[in-house]
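Here is the input, now give the coordinates:
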Amino acid sequence: MNLQNKRIGIGLTGSFCSYKKAFYEIENLALEGAKVQTIFSYHAQTIDSRFGKAKDFVKKAQELTGQEAMKTIEAAEVIGPSKCLDLLILLPCTGNTMAKLANGITDTPVLMAAKAQLRNEKPVVIALATNDALGMNLKNIGYLLNRKNIYFVPFGQDDPVKKPASMTADFDLLIPTALEALEGRQYQPVIIQRKK
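Numbers count the residues shown, from 1 in each chain. As a prediction, this is how the structure comes out:
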């Protein structure tokens, strides 16, 4: 299987320090021939950080995909009835978004997209980036790992000494994980030792 003409949604949440890698992977998906639709959480589309301005990220997403980003719950809701996505990737997925997803909270465009995709029994891939993976969010990760149609990009501790509870996905494994998810399988191993 390849990604040619696959309809892939990318849900961007916070974790702005991961955006450089995230946008690199969005570009790679487009180069693989996927039809990419970005969905921005409210924070992702409005918060400026030391990593860049929100409006510039939205503009860059449109340039890379040729599609206007979905920025409202109403826009993302159509994913359910239209069944317009083969795969949804939360890239990056913050601990906040994971916690809400695990508890059925739908208060952002990205969470609405995930709800709609799961309603259609289609795959959702999580590329986590959170400072509390081994803290308050560990229970949510465990729950989501066991949830039907949810798959994880392999992840590990990114700085065990300075941030012992922090874990991030290895974004280099995003496309192999996506291919496996489209076949209904979790890419293995899920827990990895992160490269420096």
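
surely Lys6 meets Ile89?
No: under the criterion of CB atoms under 8 Å, Lys6 is not in contact with Ile89, lying 11.1 Å apart. C-beta coordinates here come from the backbone N, C-alpha and C atoms, glycine included.

Now do the helices in this protein.
19-31, 42-46, 54-65, 73-77, 79-82, 95-102, 109-119, 138-145, 174-182 (DSSP state H).

and those as TSV, adding mean neighbour count, distance to Pro160 and mean pLDDT?
As requested, the helices of the chain are arranged in TSV below (neighbours: other CB atoms under 10 Å; distance: least, CB to CB, whole Å; pLDDT from 0 to 100):
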stretch	mean neighbour count	distance to Pro160	mean pLDDT
helix 19-31	18	19	98
helix 42-46	19	27	97
helix 54-65	16	29	98
helix 73-77	17	36	98
helix 79-82	16	37	97
helix 95-102	22	17	98
helix 109-119	23	28	98
helix 138-145	16	15	98
helix 174-182	21	23	98
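
can you list the ones you listed in JSON lines and add distance to Thr13?
Below are the helices of the chain laid out as JSON lines (distance: least, CB to CB, whole Å):
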{"stretch": "helix 19-31", "distance to Thr13": "10"}
{"stretch": "helix 42-46", "distance to Thr13": "6"}
{"stretch": "helix 54-65", "distance to Thr13": "12"}
{"stretch": "helix 73-77", "distance to Thr13": "13"}
{"stretch": "helix 79-82", "distance to Thr13": "16"}
{"stretch": "helix 95-102", "distance to Thr13": "5"}
{"stretch": "helix 109-119", "distance to Thr13": "6"}
{"stretch": "helix 138-145", "distance to Thr13": "14"}
{"stretch": "helix 174-182", "distance to Thr13": "15"}
